[in-house]
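**Q** what follows is a predicted protein model with its sequence.
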Amino acid sequence: MNEKNFYDRLRPLTFEEYPGQDKVCEHLKIYTQAALLRDKPLDHCLLHGPPGLGKTTLAGIIAQALNMPLRSTSGAIIEKVSDIVGILVNLEPGTILFIDEIHRVPRNVEEILYLAMEDYIVDVMVGQGLSARNMRMDLVPFTLIGATTQPSRLSAPLRDRFGIVEHLEYYNAQSLDLIIQRNSLLLGMEISSDASHLLSHRSRGTPRIANSLLKRIMDFALVKDKKRIDISIVEEALLAMEIDHYGLSKKDRMILQTIENRFKGGPVGIDSLAATLNEEPSTLEDIYEPYLIFSGYLQRTSRGRMLSDLGKSVLENR
């Protein structure tokens, strides 16, 4: 089973099956019901928050609740105006168009989206030079759902066209516990309550990480000929994967150690830190920093990144 099929298999299909974002689900449930009662498309929706919290899953649940087709793409692969126009003109009425990483859409493509979202039309230039002319095409009503880890990178005019804006928070351990127990059964292997409890506390508040760790732990259990995941196999697997008792990975600890040892605890600019770690700045900002900041290990200041007292204590107690 490849990674995409693995995660698709575990995705909830209804708001009731989706724990951990209760307020967001409550809002979206009302908005989708109201759209059905009005017999009108749902307002365009922006979902933002750290990676792995279920933005893609929510888009699928919204489409299911509205009984509408879902068309998915990514801002990373929309490079030209013709790319987005080709998508828009081929939508069926009421389609949910999901654009992941919408902050990566180029500015000229954003400008096409303004009219498309507001008036269901697109303006494109046909021809070149003196013979060029503007052609306007009508679109069918649709709902755009954008997902982003960096809402500040969207232009203000694009952000303003989203009638629904929801922020996804990190999950608490209780919600992750429910997700782990449900998904282990879906994957055909029971997990003990103490094993699930331990794993939920090591998953950095993120279902995607919980699912990824669960998959690896199931590999350990299979090789060890275990019919059930118990706490001993979880501890063994996490130790092998270098996940510490704070839930921090080897890379997380390397970031904290680099700031402490190379930059005397900070402040350090993101570009300098990324160069030292041989990583892209966007990778640090999108993947690693959000949880380290949320957990209080790292501080982001106007002068750069700094270790907090809690971050220093984590290094001392590792």
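**A** Thanks, I have the structure now.
**Q** next SSE after the lowest-mean-pLDDT helix or strand in the chain?
**A** Across the helices and strands of the chain, mean pLDDT, DSSP states H and E gives its lowest value to helix 3-10, namely a mean of 65. Sequence-wise, the next helix or strand downstream of helix 3-10 (DSSP states H and E) is helix 22-38.
**Q** and the contacts of that following helix?
**A** Outside helix 22-38, the residues within contact range by Cβ atoms under 8 Å, 6 or more residues apart in numbering are 15, 18, 41-43, 45, 58, 61-62, 65-66, 164, 166-168. In short, each C-beta sits where N, CA and C put it, glycine included.
**Q** just the buried ones from those, in PyMOL syntax?
**A** A single PyMOL command is used to select the members of those judged buried by 16 or more other Cβ atoms under 10 Å:
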select buried, resi 15+18+41+42+43+45+58+61+62+65+66+164+166+168
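**Q** now, the contacts of helix 22-38 that are in strands?
**A** Judged by DSSP state E, strands contain the following of the contacts of helix 22-38: 45, 164, 166-167.
**Q** tabulate those (JSON lines), appending distance to Glu101.
**A** Converted to JSON lines, those look like this (distance: Cβ to Cβ, whole Å):
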{"residue": "Cys45", "distance to Glu101": "15"}
{"residue": "Ile164", "distance to Glu101": "19"}
{"residue": "Glu166", "distance to Glu101": "17"}
{"residue": "His167", "distance to Glu101": "16"}
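**Q** and which of these is nearest to Ser272?
**A** Within the ones in strands among the contacts of helix 22-38, the smallest distance to Ser272 is 29.5 Å, found for His167 (Cβ to Cβ).
**Q** which residues touch the closest one?
**A** Contacts for His167 (Cβ under 8 Å, 6+ apart) come out as 24, 48-49.
**Q** want to try TSV for those, with distance to Arg153 as columns?
**A** What follows is these, written out as TSV (distance: Cβ to Cβ, whole Å):
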residue	distance to Arg153
Val24	21
His48	10
Gly49	14
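**Q** show me the contacts for Leu277.
**A** If you count contacts by Cβ under 8 Å, 6+ apart, then Leu277 has 254-255, 258, 284 around it.
**Q** among these, the buried ones, what's the ChimeraX command?
**A** Listed next is the ChimeraX selection for buried residues among the contacts of Leu277, using 16+ other Cβ under 10 Å:
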select :255,284
